[in-house]
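In: Make a model of this:
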Amino acid sequence: MEDRQEMKRFLVAFVLLVLATASRAQESPSRVSAPPPARQSFLVLLREQADLSGAAAIPDRLERRRFVFDALNDVADRTQARLVEELRASRTLVRRHFLLNMLEVEADDAAAASIARRPEVSRVASNRPAAMRLVPEAFDPSATSAGGRRLPGWAITISSIRSRSAGRSSSE
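Out: Numbers count the residues shown, from 1 in each chain. Down below sits the predicted model:
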């Protein structure tokens, strides 16, 4: 008798499980939520870049730096404002850059394609992570290429900078 009761309970539970599964499968598509589109980081290069050609004519180093800094910031502020405002209104993550008139945008592929079609945008590229090359621990900047050893370009640059500065007197 207990076996029959247990069998009935099992069948009732099984039927309820089947009915619950069938009702979920028949839900309307509007009630089933699709997964959000995948977001990734994109770099948005704007068409207009700062004209820094006037910097070469400024003799004072501090004034020249100020000119370059102001020119880069002015162009970035003016050309990025509308796009940044629209992207932030749509809850898109945006990071502004001014050295190269560029934005870093966290968006899906459709948003990136839409941004790329804008007239003020020169190019949109995926912002992929890249591994940094480390300087070898045994690096000796005073080493030369004597003995057939070839040094990488950056070692020669560092070495030549140090040798030029070593030739200066402390009174300069």
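In: Let me see the ranges of the strands in the chain.
Out: Assigned by DSSP state E, the strands in the chain fall at 40-46, 93-97, 102-107, 121-126.
In: Which of the ones you listed sits closest to residue 76?
Out: Proximity to residue 76 (C-beta to C-beta) singles out strand 93-97 among these, at 6.6 Å. From N, CA and C alone the C-beta is placed, and that goes for glycine too.
In: Now do that closest one and strand 102-107, the angle between them.
Out: Calculated by axes from the mean of the first three to the mean of the last three C-alpha atoms, to 10 degrees, strand 93-97 forms an angle of 170 degrees with strand 102-107.
In: List the buried residues for strand 93-97?
Out: For strand 93-97, a neighbour-count test (16 or more other C-beta atoms under 10 Å) marks 94, 97 as buried.
In: Compute the number of surrounding residues for residue 124.
Out: When counting by other C-beta atoms under 10 Å, one arrives at 21 neighbours for residue 124.
In: so it bridges to which residues?
Out: Per DSSP bridges, the residues bridged to residue 124 are residue 44.
In: For it, which residues are in contact?
Out: 42, 43, 44, 45, 112, 113, 115, 116 (C-beta atoms under 8 Å, 6 or more residues apart in numbering).
In: could those residues go into a markdown table alongside pLDDT?
Out: Formatted as a markdown table, the contacts of residue 124 follow (pLDDT from 0 to 100):
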| residue | pLDDT |
| --- | --- |
| 42 | 92 |
| 43 | 93 |
| 44 | 94 |
| 45 | 94 |
| 112 | 91 |
| 113 | 92 |
| 115 | 94 |
| 116 | 94 |
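In: distance between the ends of stretch 93-104?
Out: Start to finish, the residues bounding stretch 93-104 are 8 Å apart (C-alpha to C-alpha, to the nearest Å).
In: picking that back up, and of the strands of the chain, who's closest to residue 68?
Out: Between the strands of the chain, strand 93-97 lies closest to residue 68; by C-beta to C-beta that is 15.0 Å.
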